[in-house]
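Q: Got a sequence here, can you build the structure:
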Amino acid sequence: MGYDPENETEVVSLYLGDGNENHLVVNAFDLAGAMVQLEEGYVQAPFFSAMEGESDESPDSDLGLEPSRSTEESYLAAEVETLEPAGVMLLRRVNYEGDDTLEITGPDGAVYTFSYNQVVKYFRPILQR
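A: I've put the predicted structure just below:
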């Protein structure tokens, strides 16, 4: 993984992979916002809120189909629009059996896995604008 701050602009070039074979250009503010979502566990409000008098419970909860809430395995995800190549980059913070990893999926579908804490330390200087 590597980066280039693109001449002090608000754009960051990311080089992913062992041989830096995947080059992505993203807006620095969008990347910083995605990292904040992963750090703070930001949960977006539902598109439709419960109407007055309705319950917030899922109809599936009556059937015993509630999603499991395991503390041993969890993940958070955030998306960042890529400028070059045009598309979407998915950032997924995965906590499994104590390992805290960051999976980055590029617009081409390639997945790269890194230690989450190392990525945070790496990005901190370029995302503190």
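Q: State the three-state secondary structure for Gly19.
A: coil (DSSP: H, G, I helix; E, B strand; the rest coil).
Q: Near it, how many residues? Count them for me, please.
A: The number of residues packed near Gly19 is 7, by other Cβ atoms under 10 Å. From N, CA and C alone the C-beta is placed, and that goes for glycine too.
Q: Could you report the distance from it to Val12?
A: 20 Å (Cβ to Cβ, to the nearest Å).
Q: just Asp108 next, same as before
A: 18 Å.
Q: where exactly do the strands run in the protein?
A: 2-4, 11-16, 22-27, 73-84, 87-96, 99-105, 111-115 (DSSP state E).
Q: With mean pLDDT and distance to Val36 added, can I get those strands in a markdown table?
A: Below are those laid out as a markdown table (pLDDT from 0 to 100; distance: least, Cβ to Cβ, whole Å):
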| stretch | mean pLDDT | distance to Val36 |
| --- | --- | --- |
| strand 2-4 | 51 | 18 |
| strand 11-16 | 88 | 15 |
| strand 22-27 | 92 | 14 |
| strand 73-84 | 89 | 9 |
| strand 87-96 | 92 | 11 |
| strand 99-105 | 93 | 14 |
| strand 111-115 | 94 | 18 |
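Q: could the ones you listed go into JSON lines alongside distance to Pro125 and mean neighbour count?
A: Shown next, in JSON lines, are these (distance: least, Cβ to Cβ, whole Å; neighbours: other Cβ atoms under 10 Å):
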{"stretch": "strand 2-4", "distance to Pro125": "10", "mean neighbour count": "14"}
{"stretch": "strand 11-16", "distance to Pro125": "11", "mean neighbour count": "19"}
{"stretch": "strand 22-27", "distance to Pro125": "16", "mean neighbour count": "18"}
{"stretch": "strand 73-84", "distance to Pro125": "18", "mean neighbour count": "15"}
{"stretch": "strand 87-96", "distance to Pro125": "18", "mean neighbour count": "16"}
{"stretch": "strand 99-105", "distance to Pro125": "17", "mean neighbour count": "16"}
{"stretch": "strand 111-115", "distance to Pro125": "16", "mean neighbour count": "13"}
